[in-house]
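>>> Prediction below, plus the sequence it came from.
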Amino acid sequence: MKRKWPGLAVVGILLLTLTSCAPGPNVQEGLAVRGGEIAGFWLGLWHGIIAPITFVISLFSDNVNVYEIHNNGNWYNFGFVLGAGVLLGGGGAGSRGRKG
């Protein structure tokens, strides 16, 4: 019988690593943005890619959110949607023909 613990440990470490770059907490209005940086296209793309993992963790933690509210607007949104589409297939699989 093969041991599953090493594989599970690798998956756990990978999930922790991916979520370490998750969007920050939604702080109250008027407080300074952490580090003075506003999320742009590249962070939106990354947050879109890790959105499913971030969503599951956000159910159990108040410190993790799926979407970064301190963003530069349309470019962050475009990156987020593009990242989520890349990860989830983007609907391209629906245009494939059936075999058989």
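Yep, it's here.
>>> what's the average pLDDT for stretch 10-29?
Mean per-residue pLDDT for stretch 10-29: 64.
>>> Can you read off the pLDDT for Gly79?
For Gly79, the predicted pLDDT is 92.
>>> same check, this time on the one 3 residues further on
Among the per-residue scores, Leu82 shows a pLDDT of 91.
>>> Secondary structure of it: a strand, I assume?
No: if the criterion is DSSP: H, G, I helix; E, B strand; the rest coil, then Leu82 is helix and not within a strand.
>>> can you map out the helices along this structure?
5-19, 41-49, 51-60, 74-88 (DSSP state H).
>>> Tell me which of the ones you listed is the most buried.
Across those, the average number of neighbours (mean count of other CB atoms under 10 Å) peaks for helix 41-49, which reaches a mean of 21. All C-beta spots, glycine's among them, are computed from the backbone N, C-alpha and C.
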